[in-house]
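Trainee: Could you look at this predicted model? Sequence included:
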Amino acid sequence: MAVKSSKERSRQIRDFIIESVDLNSHGITKLVSEKFGISRQASHRYIQKLVRERALISIGKTRDRTYELKPVADVQLRLKINSQLHEDTVWREKMLPLFKDIPLHVVRICEYGFTEMLNNAIDHSKGRNATARLAIAKKLISMEILDDGIGIFEKIQKDLNLEHPRLAILELAKGKLTTDPKHHTGEGIFFTSRAFDKFSI
């Protein structure tokens, strides 16, 4: 029973590190030590074991060292914004195949957020180029859509005649904001921001 208990505790510590390292990349050793009542040296050994197993990446040296989850999939696409670019095609052909062994409900959330944000760049950014990035690691999925367009806050400011771009944030937070009511409900950004653990513009 003691061996089983020890294995279970080790598993709990490993899972905690993997779940917490993204938000505590610099102080993860101290966090694990305090959470489980173990020494920092013991905490460090768990972290180093995950580095050796390539579950974590170590960045920097000594006091400046931080840790990140190692992606099991990491892709970056450069896209031309034109009439031939369709968000559902990019998702289906380039992104979806990377979601192996991911629960279906998580895949559906990611599909919704990715296609909504890429569609937003296609229809509203007035840009020529976009970059889509997807990184999948244990317990963490990260997606980014970048474009070289006008910028969402400046566009909303101009279209709604707001005094300052910061006021666009308040308008977005209300939900159902769109500068193209004939083609969009304005719910895409609002619902996407609430579907994910972290969302930023």
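Mentor: Here it is on my side, so go on.
Trainee: contacts and neighbour counts: CA atoms only from here.
Mentor: Fine.
Trainee: Just the buried residues of the strand or helix carrying residue 169, please?
Mentor: Using DSSP states H and E, residue 169 falls within helix 166-174. Neighbour counts over helix 166-174 (16 or more other C-alpha atoms under 10 Å) mark 168, 171-172 as buried.
Trainee: got it, and stretch 109-128?
Mentor: Quick answer for stretch 109-128 (16+ other C-alpha under 10 Å): 110-127.
Trainee: same check, this time on stretch 63-77
Mentor: 66-71.
Trainee: quick one: average confidence on that stretch?
Mentor: Stretch 63-77 carries an average pLDDT of 86.
Trainee: How many residues are close by the spatially closest residue to residue 169 that is not a sequence neighbour?
Mentor: Nearest residue to residue 169 in three dimensions, chain neighbours excluded: residue 153, at 7.1 Å (C-alpha to C-alpha, 6 or more residues apart in numbering). Per other C-alpha atoms under 10 Å, the neighbour tally for residue 153 reads 17.
Trainee: Surely residue 153 and residue 168 touch.
Mentor: Yes - using C-alpha atoms under 8 Å, residue 153 is in contact with residue 168, at 5.4 Å.
Trainee: quick one: the helices in the protein?
Mentor: Taking DSSP state H, the helices of the chain run over residues 2-20, 28-36, 40-52, 87-90, 104-124, 152-160, 166-174, 188-195.
Trainee: mind putting these in a markdown table, mean pLDDT and distance to residue 137 included?
Mentor: A markdown table is the format used below for the helices of the chain (pLDDT from 0 to 100; distance: least, C-alpha to C-alpha, whole Å):
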| stretch | mean pLDDT | distance to residue 137 |
| --- | --- | --- |
| helix 2-20 | 83 | 9 |
| helix 28-36 | 93 | 17 |
| helix 40-52 | 93 | 13 |
| helix 87-90 | 97 | 21 |
| helix 104-124 | 94 | 13 |
| helix 152-160 | 79 | 29 |
| helix 166-174 | 75 | 30 |
| helix 188-195 | 85 | 19 |
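Trainee: Can you add distance to residue 59 and give these back as CSV?
Mentor: Converted to CSV, the helices of the chain look like this (distance: least, C-alpha to C-alpha, whole Å):
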stretch, distance to residue 59
helix 2-20, 16
helix 28-36, 13
helix 40-52, 11
helix 87-90, 32
helix 104-124, 28
helix 152-160, 33
helix 166-174, 34
helix 188-195, 30
